[in-house]
Every structure is written in structure tokens, then in C-alpha cells.
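> no sequence for this one, just the structure:
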């Protein structure tokens, strides 16, 4: 494998040319772009799905413009694949794979990943998985509609889910996606451990790199049991085994344990990179040192460890022992402590800083505020008593959208607007950026706050048409409000795409370091060349990444690579 | 006070030298991969334990299902463990550049192939006695867990044959050998746990 690395480095100079350069490249920046744009494409599809099923809920039975009439089976397939795509094909590829690939080598002063060819393979497997999940929507019987959690027996028995082919392809696509991130994760961890710039000690590593690598470790440690479970589910679907069939000695709850043992750490797998991105942006735009750098790292590790002991809070009403539920209530409430602490640390970083409200900074601040709502509502769900009422209602749905939307959408926009100058060498338009920001954040709250109210009113998830429930039907105006807000939010995304396209074509040229930030990626050209720095002038590190406004210095920043 | 702190904190560091690597890249990557594999087998084994404990009071293996061949598999297990010992000496010989490393390494591979082959014969016999993946949860877990291990063993064999061919040509590096070796240690050491949980 060391040889693989050597050959990979070799390819930088004699690699494929022309368009092939972009689809067969081992350069970490190109692979990052591939992940980023594939993720964005999937986000558009996931967003369109949300539009279709929200329209069905607001105006049941009417044809949806741009789609047509939604059948119950299609509705189930849409909500299932919306969830699957947004988590596995948007949040993970963009936050971890795209920004991890782009930032890790640049921020630690390496010329590329340690295993460039494994990196390329990772994207190719990911691309195949993305194509498969899209194909699964159009096969005979339609796409899988048994929810993204795929509980058996609904997922394992084709007489129940009526999508024999669709559910198997869905499962294979998810499994391939895991393989892709496994390959990527090994690369991230080894690269951070073995390829840091001379002088970069453990506590000189930027927080976002720490976070992405801790997230990769969490992923690597949690994905094994799910792969085991997925193989068993696939065998139940295709070979006629009975792992989840209680009449044949199997156990359907077993899947829930295996799924959530992965599924809950997965939340932190995507949360930690978003927290890391926020840390970079907040320090840069408040011109202050990060409050408690080591505390942040230790807290992230502690959160990661705890996240392996909370999974059964998804199963409080699945028939698990109430004594076990009590234990998981305690661990679940405990895990809110480190996350709350990180929010305080970020606020403490802002305190007394000279804050600049640029577009990335607005996104970063919005991340903290909106994620807080998601965290606070989680406390009700983590308490096993309250969860009996809340389980599987729109309260849960609104809660996890208040966590995942800040992570996957706000966090991504924060990172994208912050590193856009480095990725493309141009500045983004700040006015358009702010229009897009407010046009996303305000409707976002108008979508999900009504859904909290609906959930408290007893509205259950995954129901095609609430008109058949008299006491739920009268809350229809709230559903229409949420759908209207969603459409407004989706329309404002065109501002983003316009801004991205226009800035890329004719934006103001960005210098090496437009934000006057300290970390190493700002010491090379924008966009960085192959190999990131000239081979004879690789950066060396002399200090930590957040030395802003150091007393006695003329500049209010002090890049990591400047000696003395 | 604050200036003092600042001065202390920003003491000029000496000119940094090149960093040290804890392990070579390939070996490090394989070690991390092995952690994922350990969790995969932990998932399989805990699933098996849960289903088996639900069958408490009933017979395990279920009535009418064949018993697993304990003694033959114990011999296989011994062969596998011996292979791990042999590859340890092969690695030491290879590091010192001794020519006999090739033959020691080959002995380790042969022991591994013996394990895979006799497991295959065991499967054929069990299938003949009516133990299939569909016949019971017992059969399902047996083939799932032992089959997953067999896949790993075959993959390791392919890797070791590849390494042996490179060693014969003289192009094998220490790091490549260690990478294959780490994976083989994993395959060997996870087996006694599987034998204990599945067979006994």
C-alpha cells in the first residue's frame, strides 16, 4: 500500500489529461469536488421529493405540479428515499467526504491523501451506490417504502412491502455507500496520523480536521454491526433465511439494535464535522482564539464514546425491558451535556471579539442557534416516559430535522461560503449570500415549528392523508403553512445556485488569504495547484491554528507557518 | 500578567524536523480496518448470542438438526493458530533478509489453505446432513458467521499468495509484508472466539 501511495503521487504529474483528469483523478481536491457536486445533485433530488410529499400532505389527492398525483405507495417510497438520500448521499458525502478530502491535506500541510488510489476508488464506489439508489426508484414495483430505518418484517418480507426488487436494491446501495466511506475513513485517519507538516503537533491541528477524523473513527467503529445486520436482512429478502422471523427462531428487534447501534453514532458522525466547520468560521470572524481548544477536542472524544451507549432510546416502545430503558434515558440525557458545553464554548469565543457578520459567519451563528432548538427538544424524546407519547409523531420528525438541517444544510452552506474562495479562487457575492441566508433560515423555522405543534397534537408520521382522522384533519392550516414555507425555501435556493455560478464565472478574484485566517490552507494559491504547495517549499508549523489578535503583534492574525 | 502569559505561550519553537510515523501507512491503514472488522464480527456474534438466548429452554441446536463436528474443527483451529506462529517467524526471517523466509512463509500459506479446504469439506458434509441457511436460525447463523470468516480467510490467502509471489521476485517491502501479516493475525485470532461461541 505504501507502493500505492508512491504510484499515486507519481500520477500527479503524468496523470490523465483533459476531461479524464476530472473523472479519473487521484487528486484529493478533485475527489472533494466530485463528492461535493454529487452530494449537491442528490440534495436537489431529496429536496424535490420533500416538495412532492409535502404538497400531497397539504393538498391531499390533488396532482402535484411537476409530478402528478401521488399514490400511497409512491408516498411511502418518497419519504423513505428522502430520508435515506439526505443522510447517506447528502450529509455524509458533503460534510465528511467532500470537506474532509478538501481540507485534511490542505490544513495539515500534506501534498495529498496517503492512499490516493483508495481515495479514488472510494468515490467510484460511492457513485455506483448513488446510481443504484436512483435506479431502485424506477424498478418494477417502485422504490422501497419501508422507512429509512427499514424495520423487519416490513423490509424483509416482500408480501408486506410489495417492493421485492426495490427494497433489495435499496439495501445494496446503502451497503455500497458504507464501503465507500470505509475506504475514505481509513484514508482520513492514516493521513492525519502520518502526513502532517513538520512541527504540527496534536494540538496544532485545526479543530475541523480533528472533528472529521474523530467522526471517521466513530463511523468505522459503528458500521460493522450494521453491515452484519444488512447482510442478514439481504439474506432474509433474497435467500429465504429467517434471521428476523420469530416463527423460525429469529428476532425482528435484533435489526433495530444493530441498526441503531450504528444509527445513533451516525448522528455524531455528521454533527462533529459541522461543529468543526463552525469553530473555524467563528474564530476567523470574531478575530479571537478558540475558547478552550483542548476542551473542545476532549469533549468531542467524550461525545463519541457516549454515543455508543444511547442507541436504545429509539426503541423505548419496541418492547425492551423498562429497566434497560431507564439506563438509556440516563445516557441520552448525559450526552446533551458535552454538546451544550460546545455551544457555550463557541459563545465564549464570540464574547469580546470583533465580530464580522459575513455570509459564512451568519451561517455559523445560525447553526448554533438552530441546533440548540434541536438539542433542547431531544430531551423530551430521550426521557422514556415522555417518549411513549411522542414516539413516531411529527414531534420526533421536527426534532431531528432541527438537528439534521443545521448539520447538513446550514453547516454545508457555512463551509461552502467560507472555503469557496479557496476552492475556486473567486469571492462569492456577499449581498446575494445574505439574501439566500435569510431566505433559507426564516422559512426553515416556518416549516418545522408547525410540525412540532402537529406532533404535540398527536399527528403520527408516515401517513399518506390525514383527512381520514377527524381530530387531525382540522389542523390542516398548519400543514399548508409548512408546505408553503418549504416552497419559499426551495425557491430561495436558486439564489444560491445563481450566486455560485456567477461568482465562479465573474467573481472578484480572491487572494491567497481573503479572510486573513491562520490555518495552512490559506498559505497556498487559490485554487491550490496539484501537490498543494511547491514540492521544495512545503509549509512548516510553528504554532496553534487560532492565534488571532495576539497582544504585541501588528497584524491581528498569525498564520501557522510564519516562524518567530 | 496577561503579557507574561502571552510571552510564555509564544515561546519561539525550535525549527521543526520531519515528523515520525508510528507505523508505516499501509500497516496503519490495515490496523484501522481490522478495528472495523472486529466490530463486524462483534455484531454477528452478539446477534447470534441474542437469538440463541431466546431459544433458552429449547434445544440448541434445534431438534433434528445435525451437531457440528467439534473434533475435526479443533484440528483445523490448531492448524490455523500454527500458521500464525509460522508467519511470525517468516516475518523475522524476512526482516533479517534470510533466504529461508520464503519457505517459512509458504508453510504458513499451506496451513491456511489446509484450514480453508477442510472447512469447505465440513460444509459439504453438513449440507448433506440437512443443515442449510434456511433450515433453522441455528443453520443460518452457522453459515453466516463461519462463511464470513471463510471469506476473510480466502481474501487473506489471496493477499498472502500475492505477497509470496512478490517476495519470490524480490519486490516485496517490509511494510507490505506487515500489512498482509496484520490481516492474517486478525483472521486467525478471531477464529477461536467464533469456535467458542458457535461450535461449543
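Everything's here; your move. Note that the structure is predicted; figures quoted are calculated from it, not measured. Numbering: from 1, shown residues only, chains lettered A, B, ... in the order given.

> So residue A:501 versus chain B, what's the distance?
The gap separating residue A:501 from chain B is 38 Å, by Cβ to the nearest Cβ, to the nearest Å. In short, each C-beta sits where N, CA and C put it, glycine included.

> Just the mean pLDDT for the helix or strand harbouring that residue, thanks.
In this assignment (DSSP states H and E), residue A:501 forms part of helix A:476-506. For helix A:476-506, mean pLDDT rounds to 96.

> Pull out the buried positions in that helix.
Neighbour counts over helix A:476-506 (16 or more other Cβ atoms under 10 Å in any protein chain shown) mark A:478-479, A:481-486, A:488-490, A:492-493, A:495-496, A:499-500, A:503 as buried.

> Residue 172 - nearest residue in space that isn't next to it in sequence?
Went with chain A since none was named. With sequence-adjacent residues excluded and distances taken as Cβ to Cβ, 6 or more residues apart in numbering or on different chains, residue A:172 is closest to residue A:132, at 6.3 Å.

> wrong one, I was asking about chain B
With Cβ to Cβ, 6+ apart, the residue lying closest to residue B:172 is residue B:166, at 4.0 Å.

> Over to residue A:384?
residue A:325 (4.2 Å).

> Where does the one you found sit: helix, strand or coil?
Under DSSP: H, G, I helix; E, B strand; the rest coil, residue A:325 falls in the helix class.

> Tell me if the helix ranked longest in chain A is near chain B.
Counting by DSSP state H, the longest helix found in chain A is helix A:252-286. Yes: interface with chain B: helix A:252-286 contributes A:254, A:257, A:258, A:261 (Cβ under 8 Å from any Cβ of the partner chain).

> what two of those are the furthest from one another?
A:254 and A:261 (10.7 Å; Cβ to Cβ).

> Which residues of the stretch 451-564 of chain A lie near chain B?
Residues of the stretch 451-564 of chain A lying near chain B by Cβ under 8 Å from any Cβ: A:540, A:541, A:542, A:543, A:547, A:550, A:551, A:552, A:563, A:564.

> For the residues of helix A:252-286 next to chain B, please prepare a markdown table with the additional fields neighbour count.
As requested, these are exported to a markdown table (neighbours: other Cβ atoms under 10 Å in any protein chain shown):
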| residue | neighbour count |
| --- | --- |
| A:254 | 20 |
| A:257 | 21 |
| A:258 | 25 |
| A:261 | 26 |
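
> of all the residues you listed, which comes closest to residue B:136?
Among the residues of helix A:252-286 next to chain B, and counting by Cβ to Cβ, the member closest to residue B:136 is residue A:254, at 15.6 Å.

> Could you pull up the residues touching that closest one?
A:229, A:243, A:244, B:47, B:50, B:51 (Cβ atoms under 8 Å, 6 or more residues apart in numbering or on different chains).

> one step back: can you name every helix or strand that the helix holding residue A:501 contacts?
Secondary-structure packing of helix A:476-506 (3 or more Cβ pairs under 8 Å, 6 or more residues apart in numbering or on different chains; DSSP states H and E): helix A:28-58, helix A:411-424, helix A:430-456.

> tell me the most buried of those helices?
Among those, helix A:411-424 has the highest mean neighbour count (mean count of other Cβ atoms under 10 Å in any protein chain shown), at a mean of 24.

> okay, the angle between that one and helix A:28-58?
Orientation check (axes from the mean of the first three to the mean of the last three Cα atoms, to 10 degrees): helix A:411-424 against helix A:28-58 gives 150 degrees.

> what residue ranges in the chain score low on pLDDT?
In the absence of a named chain, this looks at chain A. Along chain A, the parts satisfying pLDDT under 70 run over A:1-17.

> That was the other one, I meant chain B.
Applying pLDDT under 70 to chain B picks out residues B:1-11, B:56-58.

> again, 90 this time
Flagging of chain B using pLDDT under 90 yields the residue ranges B:1-22, B:50-72, B:97-100, B:129-130, B:132-138, B:199-200.

> Grab the longest helix from it for me.
Counting by DSSP H, the longest helix found in chain B is helix B:137-169.

> Buried residues in that one, which are they?
So helix B:137-169, judged by 16+ other Cβ under 10 Å, has buried residues B:137-146, B:148-150, B:152-153, B:156-157, B:159-160, B:163-164, B:166-167.

> Now the element after that helix, going C-ward?
Downstream of helix B:137-169 (by DSSP H and E), the next one is helix B:174-194.

> circling back: check the residues of the stretch 451-564 of chain A next to chain B and tell me the two furthest apart.
The farthest-apart pair in these, when distances are taken by Cβ to Cβ, is A:540 and A:551, at 24.3 Å.

> Comparing the two, which shows the higher neighbour count?
Between residue A:540 and residue A:551, counted using other Cβ atoms under 10 Å in any protein chain shown, the more crowded position is residue A:540 (20 against 10).

> I am assuming the more buried one contacts residue A:199, so please confirm or correct that.
Yes: contact criterion Cβ atoms under 8 Å: residue A:540 and residue A:199 qualify, at 5.0 Å.

> between those two, what contacts are shared?
Joint contacts of residue A:540 and residue A:199 (Cβ under 8 Å, 6+ apart) are residue B:16.

> Please name the residues that touch residue 136.
Going with chain A. So residue A:136 contacts A:81, A:143, A:144, A:165, A:166, A:169, A:170, A:173 (Cβ under 8 Å, 6+ apart).

> That was the other one, I meant chain B.
Contacts of residue B:136 (Cβ under 8 Å, 6+ apart): A:242, A:248, A:249, B:61, B:62, B:65.

> neighbours around the residue of the stretch 51-200 of chain A found nearest chain B, how many?
Chain B sits closest to residue A:199 of the stretch 51-200 of chain A, with a gap of 2.7 Å, by Cβ to the nearest Cβ. Residue A:199 has 22 neighbours, counted by other Cβ under 10 Å.

> Okay, helices next: where are they in chain B?
B:2-9, B:25-54, B:70-95, B:101-128, B:137-169, B:174-194.

> which phi and psi does residue A:150 have?
phi 50, psi 50 (degrees, to the nearest 10).

> Also residue A:64?
phi -90, psi 130.

> And for residue A:85, nearest residue in space, chain neighbours not counted?
Residue A:85's closest residue in space is residue A:46 (Cβ to Cβ, 6+ apart), at 4.3 Å.

> quick revisit: can you tell me, leaving aside adjacent residues, what's nearest to the residue of the stretch 51-200 of chain A closest to chain B?
In space, and not counting its chain neighbours, residue A:199 is closest to residue B:16: 2.7 Å by Cβ to Cβ, 6+ apart.

> Narrow the contacts of residue B:136 to those that are buried.
For these, a neighbour count by 16+ other Cβ under 10 Å gives the buried set as A:242, A:248, A:249, B:61, B:65.

> Tell me the one of these nearest residue A:139?
Closest approach to residue A:139 among those (Cβ to Cβ): residue A:242, at 25.2 Å.

> Assess the claim that that closest one and residue A:250 are in contact.
Yes: using Cβ under 8 Å, residue A:242 is in contact with residue A:250, at 4.7 Å.

> How much space separates residue A:282 from residue A:78?
For residue A:282, the distance to residue A:78 equals 37 Å [Cβ to Cβ, to the nearest Å].

> Spatially, and excluding backbone neighbours, which residue is closest to the one residue sitting closest to the centre of chain A.
Residue closest to the average C-alpha location in chain A (Cα atoms, centre = their mean): residue A:91, at 2.6 Å. Spatially, and ignoring its direct neighbours in sequence, residue A:91 is nearest to residue A:408 (3.7 Å; Cβ to Cβ, 6+ apart).

> Could you confirm that neighbour falls within a helix?
Yes: counting by three-state DSSP, residue A:408 falls inside a helix.

> quick one, what contacts it?
Counting by Cβ under 8 Å, 6+ apart, the residues that residue A:408 touches are A:86, A:87, A:90, A:91, A:94, A:95, A:270, A:274.

> Nothing else from me, thank you.
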